[in-house]
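In: whatever this is, show me its structure:
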Amino acid sequence: MRQPSTNKRQSTSWHSVNEWYGNIVGEKGHYYHQHIILPKLIDLFALTPSSRLLDLGSGEGILERSVPKEIEYLGIDIAEGLIKQARQKSTAPHHRFQLANISRPMQIEKSFTHAACILALQNMKDGKQCIANASAALSKDGIFIIVLNHPCFRIPRQSSWEIDPKNKLQYRRVNRYLSPMEIPINMTPGQKQIKQTWSFHHPLSTYFQWLKESGFVVSDCQEWSSDKESEGKAARMENRARSDFPLFMCIVAKKI
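Out: Model prediction:
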């Protein structure tokens, strides 16, 4: 896989695709935000009026608009355009957004009870530092929740759906897994002007090691499948595969 440039703004920030992304997710998030990720997250957080939530890689504020307005919330992202959208859409007086690179060492002024990194860690070149920043910002026994595109089954350019016609099976093909990879993603296929983002793949063991090194213990690990259903001749095969190969992994860790 190609190596990204050393210019962080150009290589890993989603600033160049902020308008496209804002249109895709809208006010309430895309389908999987609404039907799977956000409902499950709210249950896992178990927020109270005294909770303080840090959102790392907050994008244009999808999580912010789903949590109670009375809690203290800080969203941090490197993409200036997404932070601007988030501030425009927010109506909560205790919710703030900060433009910063959370994959670099940084000082966050308050201790938080909860932290989250939702579908953002795999877009950071130094995900280990993001986890370290979460640990530094959390109070003792603070909860950190990470949601990933499943690192075992959803590896850009290295995983795909395949069909076994003899056995009438749809299965998941994985070409590579243990090797760390830096994978360029063309966000504007078919257009003359290419807008590129990056996906940084690591095996599951790496995430657990990073958490351990930053003073976390993993208290829960969940795998979330799609709730969509197919129709037609291949429906049974597709539905079975969809339920067996999860889209997302959720890791819940506690700071000790």
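In: need the strands for the protein, in chain order.
Out: 52-56, 72-77, 95-99, 112-118, 138-149, 159-164, 169-174, 181-186, 196-201, 216-224, 248-255 (DSSP state E).
In: closest one to residue 232 among those strands?
Out: Across the strands of the chain, residue 232 has its closest neighbour in strand 169-174 (13.0 Å, CB to CB). The way it works is simple: take the backbone N, C-alpha and C, and place the C-beta from them, glycine included.
In: return the helix or strand in this structure with minimum mean pLDDT.
Out: Least confident element among the helices and strands of the chain, by mean pLDDT, DSSP states H and E: helix 8-11 (a mean of 44).
In: CSV for the strands of the chain, including distance to residue 83 and mean neighbour count?
Out: Formatted as CSV, these follow (distance: least, CB to CB, whole Å; neighbours: other CB atoms under 10 Å):
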stretch, distance to residue 83, mean neighbour count
strand 52-56, 11, 24
strand 72-77, 5, 23
strand 95-99, 5, 17
strand 112-118, 16, 23
strand 138-149, 20, 20
strand 159-164, 31, 13
strand 169-174, 35, 14
strand 181-186, 21, 15
strand 196-201, 16, 19
strand 216-224, 27, 14
strand 248-255, 24, 21
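In: relative to residue 238, which of those is closest?
Out: strand 169-174 (5.7 Å).
In: ok, and what's touching that closest one?
Out: 152-153, 155, 158-164, 234, 237-238, 240-241, 245 (CB atoms under 8 Å, 6 or more residues apart in numbering).
In: if we use 6 Å, what do you get?
Out: Strand 169-174 is contacted by residues 153, 159-163, 237-238, 241, 245 when judged by CB atoms under 6 Å, 6 or more residues apart in numbering.
In: can you show me the CA trace of that strand as PDB?
Out: Only the C-alpha atoms of strand 169-174 are listed here, as PDB (Å, rounded to 0.1, in the frame of the first residue of the first chain):
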ATOM      1  CA  LEU A 169     -23.300 -19.700  -0.100                       C
ATOM      2  CA  GLN A 170     -22.300 -16.100   0.200                       C
ATOM      3  CA  TYR A 171     -19.100 -15.700   2.200                       C
ATOM      4  CA  ARG A 172     -16.500 -13.100   3.100                       C
ATOM      5  CA  ARG A 173     -13.200 -13.200   1.500                       C
ATOM      6  CA  VAL A 174     -10.200 -11.700   3.400                       C
END
